[in-house]
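>>> Sequence and predicted structure, then a few things I'm wondering about:
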Amino acid sequence: MAIQIEGNQIQDGVISFAKLLSSDIETTLTGSSSKLARADAVKAYVDNIAAGIHWKDSVKVATTANITLSGEQTIDGITTSSSRVLVKNQTDASQNGIWVSASGAWSRASDMNESAEFAGSAVFVREGTSQEDTGYVCTNDSDPVVGTDDITFAQFTGAANIVAGDGLDKTGSTLSVNVDDSSLEIASDALQVKALGITSGMLAGGIGNDKLSNSTISGVALGSNLSSLSVVTGSALSMTSYNGSAASSDLAVQVDDSSVEISSNALRVKASGITNAMLAGSITSDRLQTGAALGDDAGALIVKVDNSTIEVESVANALRIKDSGVTNAKLANSTISGVSLGGTLNALSVVSGSGLTMTSYNGSAARSDLAISVDDSSIEIATNSLQIKALGVTNAMLAGSIGADKLAGSIPADKLNLGTPFAEVGGDLSLASGVAGSGLSLTSQILAVNVDGSSLEIATDSLQIKALGVTNAMLAGSIEASKLAGSIPADKLNLGNGVQDNGGNLQVDLEGSTLALGVNGLKVADAGIDEAQLADEAVKPAKCGFFSQWDVLSPNGSLTAFDLSYTIDQTFASIIVIRNGLVLKQVASSPSSQDEFSLSLTGGAGGVSRITFGAAPTNGSDLRVWYMA
C-alpha cells in the first residue's frame, strides 16, 4: 500500500505554489470555478480593466485569413461547432469581431454585437495551430458603426506561441541569438563581429576605394588598369606581355652569362668575361713608353733579359735572377752603410710610423726580427710575401674607375686564379661541377641565380621577396608605423557602442567595475560579476561547485550514527532524511528518538558528514538522505 499523507500530517503553510497541479491553475481568468487563479493573472486583469481593456468571454479559435461567415469549417486547424470565433482578417474589415459559428449563416456574439462593445475590448483564444493561448485587443479608438466601420484587432499577448526562428534560440520565455563563435560572438551581452571573424569568403563585394586611406597604385585608382607595357626590340629586355590588368608575365634583363652575369640580383661583368673580340681595339705598342729592358715583339710587350744574369723561367713565364748570375763585378758598391762586406754594421732602429717593426739590432752578432706591419684587411703577408688581401681593395681605395680602354686585351682564363665556383674549360670560364652554396647555376651557358622559392622567388625574371615569404624570424626588429604606406584613421571608422577615438587611436570604453584592462588585454574585473550581471536562469548546475546527493542508508536496529558519502558545507547544513516515506526532524543536538536526528558536518570518518539519531532506526527501514555537497 502506498504511503498516504492525511491533512493533519501537513503543517500549515508548507505547500508551496510549485506543488500545485499546473492544470488546476487559472492563468487567463476565463471564469472556471474549479481552478485557482494566479495572482499575476488577477493583477493583469485588474490592470487591464484600469487601463480601459474590457475582457470578453474567450473564443475557441481565431481566424488567420479571410473566411466565409457561414457553415461549420476548419479554422487554424480546429473544426468549429457552434463555437465562438474571433474573426480578425476579413477583406471587408467591417465584418471583423466575435462571431458564433453555425451550419448556416453565422451571427455576431451577444457580448460584441453593439457599437459600445468594441473599443478597448480584449479576448483570449483557447485553441489553434498558430493562435492557441494568444490574446487580442480591439484597437478602435471610438465606438464603430457595426457593419459599416472597419474593425481591427492587435495581438498583445501570447509569448507561449513565440517560436525561435533561424538564428534564434528559446529557453522558457527567453529568446537568445545563436552565434557560431568564429565570425560572430556575444560579448558583454552584446552581439558583435568576432576579431578576425570576417574572411574573404564572407564578403559579397569589395571594399570601396573611398573607404581606403590610400586607393591608388602609381597614381592609378584601385580597380582600374595600368597602361600596357611593351619591350623595345634590341633593348636586352624580354617580356611576353603585360596589358595593365590581370594578364602579365616575367620581365627580365637578358645576359649571355659568359661576358655579363647576374649576381646577388645585380648585373656585373663576369670574371674572365671580356675577350679580345669584345674590345674595340687593343693597346698598341706605340702607345707604350718602352724604356730600358722593355721591347716590342710583333705588337706584344716583352721584358728584355741578358739570359746570363736574368732569365725568363720557361714554365712559370716569370722573370728571375739566373743561377750564379750576380757576381762581385755586378755590385756597384762593396760596402753597407760605409762598412765593408764582412764587417759589422752599426746598431739599427726603426722610425716611428714607417710601417716597420723591430725590437733592436746592435750592428754586431745580436739582432732581432725586422718586419713590415700590415693592416691585414687590405694588405697581408702570405708565404712571407706582401700581397693585396683577397677582397682587400674597396671602392673607397680606388682613385677612379678602370676604363675598358686601359686594357690591352682580355685576360685569358689561364692567367687567372680560378676559385670556387669557377673553372677553366678550354680557356673559357664555367661553373665548376658539384659546387654547392654558390647561389648560381649554369645551364647551356646561361647563368642563373638560385632561390629557395619560399622567401625569395624569380617573378617577371626578377628577384623578389615572395608573398608571405618574410617571417617574424627574418625581421631584425618590429615594423614601425612610419614604414606603413597608410593606416585607417579613426575618423574613417564607424565607432559603435563601447569604442571611442582617443586622439586618433581606437580605445575601448570600460566602466571599470565589471570590465577592466589587464596585462594581456580586456578581462573581467576582480569581483566584477555579481547577481546583477547574471541573466535569470543563466547559471547552470554544471557551473556550480556543489551538487545534490542521495545516500541510501542500511539501518540494522542497533546503529544510531551513519556517515554520509560527502562533506556538507555549512551553507547547506539543513538536509532531508526520509524514513519509510516520512521526512524526519532535524535538531541542533540531542535527538530524542529515531524520528529526530542531528548533523555533524565533519564528524564522519575522513571528515565526511555524519547524522546521529536519538534511537537506532528499525532494522530494514527504508532510510534515505538528500543533501547538497
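Good, I have the coordinates.
>>> do you know how far residue 78 is from residue 129?
Going from residue 78 to residue 129 by CB to CB, to the nearest Å gives 8 Å. In this view, the C-beta of every residue, glycine as well, is placed from N, C-alpha and C.
>>> Which one's more surrounded, those two?
Ranked by neighbour count (other CB atoms under 10 Å), residue 78 and residue 129 place residue 78 first, with 20 against 12.
>>> Surely the more buried one and residue 63 touch.
No: the criterion here is CB atoms under 8 Å, and residue 78 misses it with residue 63 at 10.8 Å.
>>> show me where the stretch 101-250 of the chain has strands.
Using DSSP state E, counting those that start in this stretch, the strands of the stretch 101-250 of the chain run over residues 107-108, 121-125, 134-138, 153-157, 168-171, 174-177, 184-187, 190-193, 216-217, 220-221, 237-238.
>>> could you pull out the helices for the protein?
For the chain, the helices defined by DSSP state H occupy 39-50.
>>> how does it divide into domains?
Per automatic domain parsing, the domain ranges recorded for the chain read 52-161, 236-241+249-272+410-481, 488-537, 541-628.
>>> winner for burial among those?
domain 52-161 (a mean of 17; mean count of other CB atoms under 10 Å).
>>> for it, the distance to its chain's centre please.
With CA atoms, centre = their mean, to the nearest Å as the basis, domain 52-161 stands 57 Å off its chain's centre.
>>> Next: stretch 590-601.
Here stretch 590-601 shows a centroid-to-chain-centroid distance of 61 Å under the convention CA atoms, centre = their mean.
>>> rewinding a little: how about the strands of the stretch 101-250 of the chain in a markdown table, adding distance to residue 595 and mean pLDDT?
Converted to a markdown table, the strands of the stretch 101-250 of the chain look like this (distance: least, CB to CB, whole Å; pLDDT from 0 to 100):
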| stretch | distance to residue 595 | mean pLDDT |
| --- | --- | --- |
| strand 107-108 | 66 | 97 |
| strand 121-125 | 49 | 92 |
| strand 134-138 | 51 | 92 |
| strand 153-157 | 49 | 87 |
| strand 168-171 | 42 | 73 |
| strand 174-177 | 44 | 76 |
| strand 184-187 | 52 | 88 |
| strand 190-193 | 55 | 85 |
| strand 216-217 | 91 | 78 |
| strand 220-221 | 91 | 76 |
| strand 237-238 | 105 | 70 |
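>>> closest one to residue 54 among those?
Closest approach to residue 54 among the strands of the stretch 101-250 of the chain is made by strand 121-125 (4.7 Å; CB to CB).
>>> Identify the residue nearest residue 168 in space, chain neighbours excluded?
Leaving aside its sequence neighbours, residue 168 sits nearest to residue 175 (CB to CB, 6 or more residues apart in numbering; 5.6 Å).
>>> Surely that neighbour is in contact with residue 165?
No: the criterion here is CB under 8 Å, and residue 175 misses it with residue 165 at 9.6 Å.
>>> who's more crowded, these two?
Counted by other CB under 10 Å, residue 175 and residue 165 do not tie: residue 175 has more neighbours, with 14 against 8.
>>> What distance do you get for that one to residue 166?
Applying CB to CB, the value for residue 175 to residue 166 is 13 Å.
>>> cool, residue 551 as well?
Going from residue 551 to residue 166 by CB to CB gives 47 Å.
>>> Same question for residue 198.
For residue 198 relative to residue 166 (CB to CB), the value is 20 Å.
>>> okay, the two: which has more neighbours?
Comparing residue 198 with residue 166 by other CB under 10 Å, the one with more neighbours is residue 198, at 12 against 5.
>>> correct me, but that one touches residue 182?
No: at 10.3 Å, residue 198 does not count as touching residue 182 under the criterion of CB under 8 Å.
>>> Could you provide the domains of the chain in CSV, with additional columns for distance to residue 295?
Formatted as CSV, the domains of the chain follow (distance: least, CB to CB, whole Å):
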stretch, distance to residue 295
domain 52-161, 119
domain 236-241+249-272+410-481, 20
domain 488-537, 78
domain 541-628, 106
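>>> how many neighbours does residue 277 have?
8.
>>> show me what contacts it?
With contacts defined as CB atoms under 8 Å, 6 or more residues apart in numbering, residue 277 has no neighbours.
>>> Begin at 35, not 1, for the rest of this chat.
Fine by me, first position is 35 from now on; the one you just mentioned is residue 311.
>>> per-residue confidence for it?
Per-residue pLDDT puts residue 311 at 72.
>>> and if you look at residue 654?
Looking at residue 654, its pLDDT stands at 90.
>>> How about residue 384?
Listed pLDDT for residue 384 reads 67.
>>> do the same with residue 341
We have a pLDDT of 80 for residue 341.
>>> residues touching the closest residue to it other than its chain neighbours, list them.
Ranked by CB to CB, 6+ apart and with sequence neighbours excluded, the top spatial neighbour of residue 341 is residue 356, at 7.1 Å. Neighbour list for residue 356: 341-345 [criterion: CB under 8 Å, 6+ apart].
>>> Out of these, which sit inside strands?
The strands, defined by DSSP state E, take in 344-345 from the contacts of residue 356.
>>> Please tell me how far the residue nearest to residue 559 when sequence neighbours are not counted sits from residue 543.
When the adjacent residues along the chain are set aside, residue 559 lies closest to residue 550, with 4.0 Å between them (CB to CB, 6+ apart). From residue 550 over to residue 543 the distance is 12 Å, taken as CB to CB.
>>> cool, residue 142 as well?
Distance of residue 142 to residue 543, given as CB to CB: 59 Å.
>>> still on that earlier bit, which of the strands of the stretch 135-284 of the chain sits closest to residue 118?
The closest of the strands of the stretch 135-284 of the chain to residue 118 is strand 155-159. By CB to CB, the value is 8.5 Å.
>>> now the closest one and strand 168-172, what's the angle there?
With axes from the mean of the first three to the mean of the last three CA atoms, to 10 degrees applied, the angle from strand 155-159 to strand 168-172 works out at 160 degrees.
>>> Which strands and helices lie in contact with strand 155-159?
strand 88-89, strand 168-172 (3 or more CB pairs under 8 Å, 6 or more residues apart in numbering; DSSP states H and E).
>>> Name every strand pairing with the longest one and say which way it goes.
Right, the one you point to is strand 168-172. Strand 168-172 sits in its sheet next to strand 155-159 (antiparallel), strand 187-191 (antiparallel), going by DSSP bridges.
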